[in-house]
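# coords please:
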Amino acid sequence: MIELPQLSGGHTDQYLWPCTKWVMSAERELRAFFGSVAELYGLGEAMLSAQDWLEELAGIDIQHLDADPDWRIVTIAAAIRLADRMNAQKARSRCE
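Numbers count the residues shown, from 1 in each chain. Presented below is the predicted three-dimensional model:
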């Protein structure tokens, strides 16, 4: 889990808290997605899907995010990439 930075007075830096909250919620979303993909398709596919998720996250314009972003948009985009990959694998196996 992420530890929040402390100021000399022991108070959490109020300016870092919104970013820390974003990171923690994004981490939960990615962890849930990774676990689901690993359960259904195995660890290798989960690793590829996690990379897809991070690439989709990198493509977001963070200046337009809400105070409490909905990371499911990232998960949906990564799931579409997973589905495309699974469909391509299925098509290749039919051709062999």
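# so who does the most centrally placed residue in the chain touch?
In the chain, the C-alpha nearest the mean C-alpha coordinate belongs to Leu30, at 3.5 Å (CA atoms, centre = their mean). Contact analysis of Leu30 by CB atoms under 8 Å, 6 or more residues apart in numbering lists Ala50, Trp53, Leu54, Trp71, Thr75. C-beta: built from backbone N, CA, C; applies to glycine.
# do Arg72 as well
Counting by CB under 8 Å, 6+ apart, Arg72 touches Glu29.
# Give me the nearest residue to Ala50, chain neighbours excluded.
Phe34 (5.1 Å; CB to CB, 6 or more residues apart in numbering).
# So that neighbour: helix, strand or coil?
The three-state label given to Phe34 by DSSP: H, G, I helix; E, B strand; the rest coil is helix.
# ditto for Asn87
Following three-state DSSP, Asn87 is assigned to helix.
# With Ile60 instead?
coil.
# Tell me which residues touch it, please.
Going by CB under 8 Å, 6+ apart, Ile60 touches Ile73, Val74.
# And Gly44, which helix or strand is it part of?
Assigned by DSSP states H and E, Gly44 falls within helix 43-58.
# Just want the angle from the helix or strand encompassing Glu27 to helix 43-58.
Using DSSP H and E, Glu27 falls within helix 17-41. Helix 17-41 runs at 150 degrees relative to helix 43-58, counting by axes from the mean of the first three to the mean of the last three CA atoms, to 10 degrees.
# Report the buried residues of helix 17-41.
Within helix 17-41, the residues that qualify as buried by neighbour count (16 or more other CB atoms under 10 Å) are Trp22, Ala26, Glu29, Leu30, Phe33, Phe34, Val37, Ala38.
# Quick check, Glu29 in contact with Ile73.
No - using CB atoms under 8 Å, Glu29 is not in contact with Ile73, being 9.8 Å away.
# Burial check on Asn87, number of neighbours?
Counted by other CB atoms under 10 Å, the residues lying close to Asn87 total 10.
# mind checking how far it is from Ser49?
Counting by CB to CB, to the nearest Å, the gap from Asn87 to Ser49 is 14 Å.
# And Asp84, by the same measure?
To Ser49, Asp84 is 11 Å away according to CB to CB.
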